[in-house]
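Engineer: coords please:
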Amino acid sequence: MSRIGKKPVALPKGVKVTVHGAEAVVEGTKGKVTCPIPTGITVDVQADSVVLARPNDEARNRAFHGLTRALLNNAVLGVTTGWKKELDIVGVGYKAAMDGAKLRLDLGYSHPIFYDAPAGIGIAVEKNTHVIVTGIDRQLVGQVAADIRKFRKPEPYKGKGVMYTGEVIRRKAGKTGK
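Structural biologist: Below is the predicted model of the structure:
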């Protein structure tokens with residue numbers, strides 16, 4: 001039996017889970033998130049928890065058992081506390097600012113880069129070099145942070161670029177002079 005899949009998902013107060021065919025809808029104080037349910041996985045919604053089960057021990061069902069439980073747990077955590085990714089901008093002249101609803105990035109190119117956040121995602125800028133991405137969908141928050149990082153990945157010689165807060169960049173020595 002899957003160690004992750006057999007754990008019940010705890011439902012805090014104010015969170016409601018409903019199953020409609022091949023998807024579960026998780027509603028909470030921050031919003032609503034849908035979670036896909038693969039065929040063969042059964043979802044039993046109880047008063048204060050959700051229990052997932054699989055019909056047999058086939059490899060496909062074992063894989064989807066733990067995955068579905070993890071996705072459902074992420075949705076419950078998202079509608080109660082939300083998800084957050086933080087990015088740091090390192091480099092001389094590199095900065096970020098909010099231009100209305102768009103994120104403006106000056107990353108050493110000849111032009112500024114404007115990024116529109118998708119619906120349900122909040123972007124905040126602190127101190128011109130610290131960007132915070134928040135939302136209730138964990139996958140979408142991570143994807144937006146990765147998209148912003150992709151505009152200027154950190155380089156290994158000076159460490160300039162957009163990086164996750166706490167990310168360690170492996171440095172290269174560079175040229176050695178005689």
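Engineer: what sits against the closest residue to Gly78 other than its chain neighbours?
Structural biologist: Spatial nearest neighbour of Gly78, excluding adjacent residues (C-beta to C-beta, 6 or more residues apart in numbering): Ile136 at 4.0 Å. Heads up, the C-betas are built off the backbone N, CA and C, glycines and all. Ile136 sits next to Lys30, Gly31, Val33, Gly78, Val79, Gly82, Trp83, Gly120 when contact means C-beta atoms under 8 Å, 6 or more residues apart in numbering.
Engineer: From the residues you listed, keep the buried residues only.
Structural biologist: Lys30, Val33, Gly78, Val79, Gly82, Trp83, Gly120 (16 or more other C-beta atoms under 10 Å).
Engineer: any idea which of those residues is the one closest to Arg60?
Structural biologist: Val33 (24.5 Å; C-beta to C-beta).
Engineer: Relative to Asp116, how far out is that closest one?
Structural biologist: 21 Å (C-beta to C-beta, to the nearest Å).
Engineer: and if you look at Ala70?
Structural biologist: Ala70 is 29 Å from Asp116, by C-beta to C-beta.
Engineer: Would you mind telling me which of these two has more residues around it?
Structural biologist: Ala70 (16 against 9; other C-beta atoms under 10 Å).
Engineer: What is the burial count for the closest residue to that one other than its chain neighbours?
Structural biologist: With sequence-adjacent residues excluded and distances taken as C-beta to C-beta, 6+ apart, Ala70 is closest to Ile4, at 6.1 Å. Residues near Ile4, counting by other C-beta under 10 Å, number 13.
Engineer: And the pLDDT for Ile4?
Structural biologist: pLDDT, Ile4: 81.
Engineer: Please give the element, helix or strand, for it.
Structural biologist: For Ile4, there is no enclosing helix or strand under DSSP states H and E.
Engineer: wait, isn't it in contact with Gly66?
Structural biologist: Yes - under the criterion of C-beta atoms under 8 Å, Ile4 makes contact with Gly66 at 3.8 Å.
Engineer: who touches both of the two?
Structural biologist: With C-beta under 8 Å, 6+ apart, Ile4 and Gly66 have no common neighbours.
Engineer: which residues touch the residue lying closest to Thr81 once chain neighbours are set aside?
Structural biologist: In space, Thr81 comes closest to Lys30 once its chain neighbours are excluded; the distance is 8.0 Å by C-beta to C-beta, 6+ apart. Counting by C-beta under 8 Å, 6+ apart, Lys30 touches Gly78, Val79, Thr80, Thr81, Gly82, Ile136.
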